[in-house]
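Peer 1: predicted model, plus sequence, below.
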Amino acid sequence: MDISEIIEDSFKYPVDDFKKFLILGIPNLVIAIFAALFVLQGVGLSSLGDVSEKTLMSSPLFSTFIVTFLLFILVAIICSIMMSGIGLSVIRQTIQPSDVMPDIQPVKNFIDGIKSFIVSFIYVIVPVLVYVIVVSSVGSLLGDNGAFLVFIVFILFLIAMVFIGIILTVALSRLAETNSISKALDVTGVYETAKQIGLLKIFGVIVICNVLLGVLSLVGVFISIIPILGTIIVMYLLYTYAQLVTYRAYGLLYRERNPTQAQNAFQEPYTPIGNNQNQQISNETQDFKPDENNTEGMDFERVNQNDNSDDNTEAPLKKCTNCGYSNPDYVSICVNCGKEL
C-alpha cells in the first residue's frame, strides 16, 4: 500500500463499524463524564463568591471537589492505559490481517496498556534525559554565552524525537505482534524492520495523519464551546476516532515490512519438486512393469498423479482454547481473539 492508501484506510476504519467504535470508546467516555463532574464541582465552588480561605476549605463543596479531582485523576490513568491496550489490539488485528475491529477486553486491554506505556516510556525518556543533562550542563558552564549552543541542542533534540516517533511506531507494532516487551525494546531489530518498511514512508504517514487530525481537532474546539456536553462529545467521539486512526495506520505500516508475508501468513508452505526429481520419478515409473502372469496375491493401489498431498509441508498449528482458531505455532497470542495461547 502507498501512503495515500494507508491514510484513506485508516480514516475509514473507525466508522466502518460504528457500533463497535462506540464500544471501544467507552474508556474515553468515562474520562469525559468524570471531567464534566469535575467542571461542575468547580462551578459550584465559584458560586460561593469571595469568601475567606478558612470558610472555603470548611465548605462541603470543597471536600467534594477534592474527592472528585482525585477520582478524576485515578479514572483518567486507568482508562488511558486501557485505551493504549485497545490500540495494541487494533494493531494486532490489522497485522493479522483483518479489517474487523477488536472486542473490548478490560483486563487484557489494561495489561497490554501497561506494556505499551513501559515501551513508550523507555524509548522517550532516554533522549529527554540526555537533553535535560546537556542543557543544564551548558547553561551552568557558559551562562548567557551558551544560548546558541542550547538552541542547537534543542534542534538536535527535536530531530531525535522525530526519529524516536518513527521507531516507536514499529516498536508498538512489534509488541502487538509478539506480546514481548524485550522484542519491542530490541532497538536493532526494530530499526531493521523500520528500514524494510521505509523510514520516509513511516514519517510521511505520521505527519499526514497528525495534520489531518489536527484539522479535525479544530472542529472539536467549536464543539467544546457547548457547556459540559461539548466536552463529553469531544473526549468520547473525537479522541476515540483519532486514536483508532493512529493505531490502524501503525498496523498497516507494519504489514508493509514484508508485503507478501501478510498475504501468506496463514497459508501452508508448499515445497515443489525440482525438475531433476520429476524426471527421476518418471523414469522409475516407466521402468517398473509388474509381471502380468504373477499378479495373484498382489494389491496394486491406483496412484493419483495429481495428488500432491505428500509434497506439502504442513505448518505446525496451535489451537486457541478460547475461540478454537488454529494459529501458527510461532505466535504467542491468538490472532483471532487476542487471547494468550
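Peer 2: All right, it came through fine.

Peer 1: for the rest of this, base every contact and every neighbour count on C-alpha atoms.
Peer 2: OK.

Peer 1: and the pLDDT for Asn327?
Peer 2: Looking at Asn327, its pLDDT stands at 77.

Peer 1: oh sorry, the question was meant for Glu268
Peer 2: For Glu268, the model assigns a pLDDT of 38.

Peer 1: distance of Val187 from Ile122?
Peer 2: From Val187 across to Ile122, the span is 11 Å (CA to CA, to the nearest Å).

Peer 1: these two: who's more crowded?
Peer 2: Val187 (15 against 11; other CA atoms under 10 Å).

Peer 1: poorly predicted segments of the stretch 151-300 of the chain, please.
Peer 2: For the stretch 151-300 of the chain, applying pLDDT under 70 flags the ranges 259-300.

Peer 1: go again with 50.
Peer 2: Scanning the stretch 151-300 of the chain for pLDDT under 50 picks out 261-279, 281-282, 284-286, 288, 290, 292-300.

Peer 1: in it, which spans are helices?
Peer 2: Assigned by DSSP state H, counting those that start in this stretch, the stretch 151-300 of the chain shows helices spanning 181-184, 187-197, 199-223, 229-233, 239-255, 259-264, 275-287.

Peer 1: of those helices, which is nearest Val39?
Peer 2: Nearest to Val39 among the helices of the stretch 151-300 of the chain is helix 229-233; the distance by CA to CA comes to 10.0 Å.

Peer 1: list the helices and strands the closest one packs on?
Peer 2: Secondary-structure packing of helix 229-233 (3 or more CA pairs under 8 Å, 6 or more residues apart in numbering; DSSP states H and E): helix 26-46, helix 199-223.

Peer 1: so the chain: which segments form each domain?
Peer 2: 3-262, 310-341 (automatic domain parsing).

Peer 1: winner for burial among those domains?
Peer 2: Of all these, domain 3-262 has the most neighbours on average by mean count of other CA atoms under 10 Å, namely a mean of 18.

Peer 1: so how far is that domain from its chain's centroid?
Peer 2: A distance of 11 Å separates the centroid of the chain from that of domain 3-262, by CA atoms, centre = their mean, to the nearest Å.

Peer 1: follow-up on the earlier one: next, format the helices of the stretch 151-300 of the chain as CSV and append distance to Pro102.
Peer 2: Rendered in CSV, the data for those read as follows (distance: least, CA to CA, whole Å):
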stretch, distance to Pro102
helix 181-184, 21
helix 187-197, 24
helix 199-223, 21
helix 229-233, 22
helix 239-255, 11
helix 259-264, 18
helix 275-287, 46
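
Peer 1: between those, which one is closest to Val126.
Peer 2: With respect to Val126, and counting by CA to CA, the nearest of these is helix 187-197 at 12.7 Å.

Peer 1: so what touches stretch 207-220?
Peer 2: Contact partners of stretch 207-220, identified using CA atoms under 8 Å, 6 or more residues apart in numbering, comprise 7, 234, 238, 242, 246.

Peer 1: and the two most separated of those?
Peer 2: Farthest pair in the contacts of stretch 207-220, by CA to CA: Ile7 and Val234, 21.8 Å.

Peer 1: returning to that earlier point: mind checking which of the helices of the stretch 151-300 of the chain is nearest Leu341?
Peer 2: Among these, the nearest to Leu341 by CA to CA is helix 181-184 (16.8 Å).

Peer 1: which neighbouring elements make contact with the closest one?
Peer 2: Helix 181-184 packs on helix 106-142, helix 147-178, going by 3+ CA pairs under 8 Å, 6+ apart.

Peer 1: Throw the ones you listed into a markdown table and include distance to Val211, thanks.
Peer 2: Formatted as a markdown table, the helices and strands packed on helix 181-184 follow (distance: least, CA to CA, whole Å):
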| stretch | distance to Val211 |
| --- | --- |
| helix 106-142 | 22 |
| helix 147-178 | 15 |
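
Peer 1: from memory Ala35 sits against Phe72, does it?
Peer 2: Yes - Ala35 lies in contact with Phe72 (CA atoms under 8 Å); the separation is 6.6 Å.

Peer 1: which ones are touching Ala32?
Peer 2: Per CA under 8 Å, 6+ apart, neighbours of Ala32: 231-232, 235-236.

Peer 1: of all the residues you listed, which comes closest to Lys20?
Peer 2: Lowest distance from Lys20 to the contacts of Ala32 (CA to CA) belongs to Tyr236, with 13.3 Å.

Peer 1: can you tell me which residues contact the closest one?
Peer 2: Tyr236 is in contact with 25-26, 28-29, 32, counting by CA under 8 Å, 6+ apart.

Peer 1: how about the residues you listed in JSON lines, adding distance to Cys320 and pLDDT?
Peer 2: Output for those, formatted as JSON lines (distance: CA to CA, whole Å; pLDDT from 0 to 100):
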{"residue": "Gly25", "distance to Cys320": "27", "pLDDT": "94"}
{"residue": "Ile26", "distance to Cys320": "27", "pLDDT": "95"}
{"residue": "Asn28", "distance to Cys320": "30", "pLDDT": "95"}
{"residue": "Leu29", "distance to Cys320": "32", "pLDDT": "95"}
{"residue": "Ala32", "distance to Cys320": "36", "pLDDT": "92"}
